[in-house]
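Student: Provide a 3D model corresponding to the input given below.
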Amino acid sequence: MDVRRPAAKRHAGTRWQALLLTAVLGPTMLPAAEQCESINGTPITFNVEWQDVWRALDQQSSCTQNCHVGSAPAAELDFSSLQISIYYLVGQLSAQHDQILRVKPGDPQNSLLFQKVNCAAPDVGRQMPPSGHVPLSLQTLIYDWIAQGARGELPEDPIPREFIFADAFESEHCLLDPDLPAARQCSSIEFPWRGPRS
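Tutor: Next comes the predicted model:
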């Protein structure tokens with residue numbers, strides 16, 4: 001499952017969007033995440049719901065027990081309740097930057113939550129948790145949850161989403177970015193119905 005468009009199209013669109021943002025925003029250009037860990041080649045987890053991510057965060061990191069709980073949670077992001085915490089994430093602007101979404105359904109690489117656990121230098125702030133590293137398995141679970149629409153809220157209070165879920169029947173992650181050496185390794189994957197991935 002590759003939720004990204006082919007590299008050539010993505011970069012052409014990215015350049016166009018960057019030029020447009022530069023023209024509109026001028027010096028207030030949005031920051032870009034850097035030094036992100038590759039998830040290429042890791043298996044995709046299908047049908048991920050918020051409760052899967054929340055439980056993994058609870059068991060594999062300190063997010064739900066230390067910083068993001070209580071009356072004044074870090075970055076105004078409260079993970080203390082499984083049922084309520086999703087509403088602090090999906091479609092919500094970051095408390096650190098008023099133009100960056102915490103979770104943008106269908107777009108993990110532009111979601112601050114994924115950047116915070118995956119990149120040494122996220123769009124804003126620093127990598128989380130501050131005390132250590134989130135296992136790659138949890139990073140990919142968060143990626144898959146966001147890529148699949150960031151679902152899992154209460155049925156009586158649904159969160160509106162506008163995205164298209166793309167599925168090319170892949171079974172492992174392969175993020176296409178020709179600037180990263182690890183991504184070049186997955187560009188030779190072939191699909192019988194359409195030839196090499198491009």
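Student: going forward, measure contacts and count neighbours with C-alpha atoms only.
Tutor: Fine.
Student: using the three-state scheme, assign Glu162.
Tutor: Under DSSP: H, G, I helix; E, B strand; the rest coil, Glu162 falls in the coil class.
Student: tell me how far it lies from Lys116.
Tutor: For Glu162, the distance to Lys116 equals 23 Å [CA to CA, to the nearest Å].
Student: just for this structure, where's the confidence low?
Tutor: 1-31, 61-76, 163-172, 174-198 (pLDDT under 70).
Student: so Glu162 and Lys116 - more neighbours on which side?
Tutor: Lys116 (24 against 10; other CA atoms under 10 Å).
Student: residue contacts, that one?
Tutor: Applying CA atoms under 8 Å, 6 or more residues apart in numbering, we find Lys116 in contact with 122, 126-128.
Student: try Met128
Tutor: Counted by CA under 8 Å, 6+ apart, Met128 has contacts 116-117, 134.
Student: got it, and Leu141?
Tutor: 44-45, 48, 53.
Student: among these, which ones are buried?
Tutor: Buried by 16 or more other CA atoms under 10 Å: 44-45, 48, 53, out of the contacts of Leu141.
Student: which of the residues you listed fall in helices?
Tutor: Among the buried ones among the contacts of Leu141, the ones falling in helices (DSSP state H) are Val53.
Student: which two in the buried ones among the contacts of Leu141 are spaced the farthest apart?
Tutor: The most widely separated members of those, counting by CA to CA, are Ile44 and Val53 (13.8 Å).
Student: now do the helices in the chain.
Tutor: Under DSSP H, the chain gives helices at 7-25, 50-60, 82-85, 112-118, 136-147, 181-185.
Student: re the thing from before, which one of the buried ones among the contacts of Leu141 is nearest Ile84?
Tutor: Val53 (13.5 Å).
Student: can you tell me the closest non-neighbouring residue to Gln109?
Tutor: Nearest non-adjacent residue to Gln109, counting by CA to CA, 6 or more residues apart in numbering: Gln115, 6.7 Å away.
Student: show me what contacts that neighbour?
Tutor: Per CA under 8 Å, 6+ apart, neighbours of Gln115: 33, 36, 108-109, 122-123, 127.
Student: isn't Phe46 right next to Asp144, touching?
Tutor: Yes - in this structure, Phe46 is within contact of Asp144 by CA atoms under 8 Å, at 7.2 Å.
Student: out of these two, which sits in the more crowded spot?
Tutor: Asp144 (27 against 12).
Student: residue contacts, that one?
Tutor: 44-46, 48, 108.
Student: including distance to Asp58, could these go into CSV?
Tutor: Shown next, in CSV, are these (distance: CA to CA, whole Å):
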residue, distance to Asp58
Ile44, 21
Thr45, 18
Phe46, 20
Val48, 16
Pro108, 20
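Student: between the residues you listed, which sits nearest Leu77?
Tutor: Out of the contacts of Asp144, the member with the shortest distance to Leu77 (by CA to CA) is Pro108, at 17.8 Å.
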